[in-house]
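>>> Sequence first, predicted coordinates after that:
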Amino acid sequence: MSLLPLFVIVPLGAAFVTPIFSKFWKGFSDWWGNLASAFLMVLSLWCLRFSTETIVYYAGGWEPVDGIPVGIAMVMDGLTVLMLIIINVIAFLVTLYSVNFLKNYTDRGKYYTLFLLMLAGLNGVVLSGDMFNLFVFLEIAAIATYALVAFGVEAESLEASFKYQVLGGAASITILLGIAFFYHLTGTLNMADASRLFADMGPSPAVIFTGILFLVGFSLKAGLMPFHAWLPDAYPSAPASISAMLAGVGSKVLGVYALIRIFFNVFGMTVMPSLLTIFLVLGTLSMAVGAFLALGQKDFKRLLAYSSISQIGYCIFAFGLGTPLGILGGLFHLLNHSVFKSLLFFNSGAVVYATGKRNLESMGGLSQRMPVTGTTSLVGSLSVSGIPPLGGFWSKLIIIYAAVESGHHILAGVAILVSIVTLGYYMKVQKLAFFGPLAAAYQKVKEVPAFMCISMVVLALLSLGLGLLLLPQLREVILDPAVKVVEQGMGYAEMVLGG
Amino acid sequence: MIVFILAILLFLIGLYGVLVKRNLIKIIIGLMIMEYAVNLFFTLVGFREGGTAPIFSEGLSDNVFFVDPLPQALVLTAIVIGLGTTALMVSIAVRIYEKYDTLDVRKIRKLRG
């Protein structure tokens, strides 16, 4: 029995059971959702043992015939293991946080059902070794996300969800058209098999057009700068726990992971040499414009949403450098960003839970009444701004160093500048919301309940300690295998199909 | 070749609907047209001139060949996914109508950029 299908079967099965039993027993969905996500977290950490290997599982036992795969493949390599850990650890903390946070929402059963479906979709996307299967899992995750964004059924969240659905739908259709071209060109849907064929084919207009379709589709899902319109509406309108999941995991898996996997491993840089430049341009644009738009925001969650665009820009920028060090920086920043951005969205949720307000200017001095939220948000803010010795500092340092090393001095300067702007707007958050004199209206505000505090503290400790991942012993297990997978490019085909 | 161009034309009609129309329902219809165009295109990718339906049965002669069955299976899946997304979009549009009393996107503007 292989481990791989469990990542999809467990959340899918758990999602199926949730609405049935939560009808009879009110507390069931809390227990059940947490149990399922805790199991998946343990399972994903267990997979670290196999991070240096490539495990392939053929659904239904359809083994390859003469080295040509015929069935649906699930592939687990270093990159997949890293993404699985990010997804499932954050997902567990989100379910833990939801236990208390959902007090103001109706129908927990439906919330956990949708959340587990989203989790099944996200896990499926990273495990899939097959283009169409990736599309199906992407749609499962996307449909669950659309519904979760609208979960508050306020006028704003419905509007944001509709906007997200139109743009997300357009992205899905573009990706499907891309898959049609992909299948027409190669006659296969298996990524490894197609990678081998693309290597022989070389660049042709049809291949480049297919690449552009995928680039547009997945950039829309990632919320990169010219395609970001849905993001600053969807994140603030969703419940805070879902914003944390979307910003920390959703856009990365559906957007950044898919972009890296398809362009580095399937198409390969030999087919599209100008792709690195496109990544650099998109990344720099997102990181600079996102940061400057965040500077002017007064809504706590909207500011975090723009900051998310900016940080995703850093990741894409780092991959665009194309050097091993840049790839390491990009993956490490992806990991860091999941941790601190989920933490900051949890903080914003805690503030909304306690005060009912999102406008920063109406707050003040909340640290005195909410010490845990105040302290953890300070840790998160410092980490995202790149203050040593927090995790965010190390990943930004690697990215900037890699940019200088590969000769992009001006872009490295932009990255440093954006980092300073980031520090500026996070200090604004701290000053307006948490420091200073306590506003009279908030004298009776209480710290949020225990489970919300626990998940915030865990994430704060993680962002404090993530710098340790650069120690050689830990790096060999977690980051290096993932970097190797991206770096080897078309070597992916040999790894999966076994030479 | 002409059928491919017609499929792309259908896609562009849908895109026009999404970009230009102001009514939520018409935007949804535009998206559906786009999706059907892609589904049609995908099915045409698997078409082989003179091929028969891909079903094994008694008494097939040797010189008969099939159209590619894989795109048909994929399009079937894509249609089901499309049904899910459309159902969700329409239900959200209904809720929006309850909240705003209009389907005009110009009047549904509580969120600002």
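Received, thanks. Numbers count the residues shown, from 1 in each chain, chains lettered A, B, ... in the order given.

>>> Mind giving me the packing neighbours of the longest helix seen in chain B?
In chain B, assigned by DSSP state H, the helix with the most residues is helix B:69-100. Here helix B:69-100 touches helix A:131-149, helix A:155-186, helix B:24-45, going by 3 or more CB pairs under 8 Å, 6 or more residues apart in numbering or on different chains; DSSP states H and E. Quick note: C-beta positions are derived from backbone N, CA and C, even for glycine.

>>> got the buried residues for the second one?
Along helix A:155-186, these residues count as buried under the neighbour rule (16 or more other CB atoms under 10 Å in any protein chain shown): A:155, A:157-186.

>>> does that helix come close to chain B?
Yes - looking at helix A:155-186 against chain B by CB under 8 Å from any CB of the partner chain, the contacts come from A:155-156, A:158-163, A:165-166, A:169-170, A:172-173, A:176-177, A:179-180, A:183-184.

>>> helix or strand right after that helix?
helix A:191-201 (DSSP states H and E).

>>> averaged over its residues, what pLDDT does that next one have?
Mean per-residue pLDDT for helix A:191-201: 86.

>>> Next, the angle from it to helix A:155-186.
60 degrees (axes from the mean of the first three to the mean of the last three CA atoms, to 10 degrees).

>>> ok now the helix or strand that helix A:191-201 is followed by, how far from the chain's centre?
Going down the chain from helix A:191-201, the next helix or strand is helix A:205-222, by DSSP H and E. With CA atoms, centre = their mean, to the nearest Å as the basis, helix A:205-222 stands 19 Å off its chain's centre.

>>> Buried residues in helix A:205-222, which are they?
Within helix A:205-222, the residues scored as buried using 16+ other CB under 10 Å are A:207, A:210-222.

>>> so who does residue A:315 touch?
Contacts for residue A:315 (CB atoms under 8 Å, 6 or more residues apart in numbering or on different chains) come out as A:252, A:256, A:283, A:330, A:333, A:334, A:337.

>>> Columns distance to residue A:395 on top of those, output as TSV?
What follows is the contacts of residue A:315, written out as TSV (distance: CB to CB, whole Å):
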residue	distance to residue A:395
A:252	14
A:256	14
A:283	14
A:330	8
A:333	4
A:334	8
A:337	8
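
>>> Go through those residues and name the one nearest residue B:59.
residue A:256 (53.5 Å; CB to CB).

>>> Tell me how far that closest one lies from chain B.
Residue A:256 is 22 Å from chain B, where distance means CB to the nearest CB, to the nearest Å.

>>> distance of that residue from residue A:468?
23 Å (CB to CB, to the nearest Å).

>>> same question, residue A:482
17 Å.

>>> Of the two, give the one with the bigger neighbour count.
residue A:482 (24 against 13; other CB atoms under 10 Å in any protein chain shown).

>>> you'd agree the more buried one is in a helix?
Yes - with DSSP: H, G, I helix; E, B strand; the rest coil as the criterion, residue A:482 is part of a helix.

>>> Hmm, it is touching residue A:85, no?
No - between residue A:482 and residue A:85 there is no contact under CB atoms under 8 Å: 10.0 Å.

>>> Grab the nearest non-local neighbour of residue B:42.
In this structure, residue B:42 finds its nearest non-sequential neighbour in residue A:180, 4.2 Å apart by CB to CB, 6 or more residues apart in numbering or on different chains.

>>> before we move on, what about residue A:377?
Per CB to CB, 6+ apart, closest to residue A:377 is residue A:347, 4.0 Å.

>>> Check the gap between that neighbour and chain B for me.
Counting by CB to the nearest CB, the gap from residue A:347 to chain B is 22 Å.

>>> got it, and residue A:134?
For residue A:134 relative to chain B (CB to the nearest CB), the value is 12 Å.

>>> May I have the predicted confidence score for that residue?
pLDDT, read off for residue A:134, is 94.

>>> Contact partners for it?
Listed by CB under 8 Å, 6+ apart, the contact partners of residue A:134 are A:124, A:125, A:128, A:258.

>>> I'd like the mean pLDDT over the host helix or strand of the first one, please.
For residue A:124, the enclosing helix or strand under DSSP H and E is helix A:108-127. Taken as a whole, helix A:108-127 has a mean pLDDT of 93.

>>> list the helices and strands it packs on?
Using 3+ CB pairs under 8 Å, 6+ apart, helix A:108-127 sits against helix A:6-22, helix A:28-46, strand A:73-76, helix A:78-101, helix A:131-149, helix A:240-245.

>>> And it, how far out from the chain middle?
Offset of helix A:108-127 from its chain centre (CA atoms, centre = their mean): 14 Å.

>>> For burial, what's the neighbour tally of the closest residue to chain B within the stretch 1-150 of chain A?
Nearest residue of the stretch 1-150 of chain A to chain B (CB to the nearest CB) works out as residue A:139 at 4.7 Å. When neighbours are defined as other CB under 10 Å, residue A:139 has 24 of them.
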